[in-house]
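Asks: sequence first, predicted model second:
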Amino acid sequence: LQEIAGRLAGEVRHGDTVARLGGDEFAVLAEDIADDDLATLITRLESAVSRPLPNIAVQVTTSIGTAPITPETTDLDTLLHTADQAMYEAKQRRG
């Protein structure tokens, strides 16, 4: 988990935040990002996680869900629930 956390932190932009939510779940708070820049960030995060881990033969994969913060966003629980649902949808598409 420490290795993955370091990889995620190394791929985000200056000012973005990486936090472990619990277990093997992480959150990235990336402000003022959309469309192509968001897609690029997601690709970098997926690539960083999928690199082989030192001295471990287990292949690590990731599923990423996003949720935009808008003026209508009223609380963190709703935001995290939205991102979590998007993550599960991404996981189902991946198979």
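Replies: Nice, I can see it.

Asks: check which helices and strands the helix or strand encompassing residue 49 sits against.
Replies: Residue 49 belongs to helix 35-50 when assigned by DSSP states H and E. The helices and strands touching helix 35-50, judged by 3 or more Cβ pairs under 8 Å, 6 or more residues apart in numbering; DSSP states H and E, are helix 2-11. C-beta here means a position set from N, CA and C on the backbone, and glycine is covered the same way.

Asks: elements contacting the helix or strand that comes right after the helix it packs on?
Replies: Remark: after helix 2-11, the chain's next helix or strand is strand 17-22, criterion DSSP H and E. Packing partners of strand 17-22 (3+ Cβ pairs under 8 Å, 6+ apart): helix 2-11, strand 25-29.

Asks: any chance of these in a markdown table, plus mean neighbour count?
Replies: As requested, the helices and strands packed on strand 17-22 are exported to a markdown table (neighbours: other Cβ atoms under 10 Å):
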| stretch | mean neighbour count |
| --- | --- |
| helix 2-11 | 15 |
| strand 25-29 | 16 |
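
Asks: with mean pLDDT and distance to residue 58 added, can I get those in a markdown table?
Replies: Listed next are those as a markdown table, based on pLDDT from 0 to 100; distance: least, Cβ to Cβ, whole Å:
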| stretch | mean pLDDT | distance to residue 58 |
| --- | --- | --- |
| helix 2-11 | 96 | 12 |
| strand 25-29 | 94 | 17 |
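
Asks: in TSV: those, plus distance to residue 49.
Replies: Listed next are the helices and strands packed on strand 17-22 as TSV, based on distance: least, Cβ to Cβ, whole Å:
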stretch	distance to residue 49
helix 2-11	6
strand 25-29	9
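
Asks: so for the worst-scoring helix or strand of the chain on mean pLDDT, what gets flagged as buried?
Replies: Least confident helix or strand of the chain, by mean pLDDT, DSSP states H and E, is helix 76-94 with a mean of 91. With burial defined by 16 or more other Cβ atoms under 10 Å, the residues of helix 76-94 counted as buried are 79, 83, 87.
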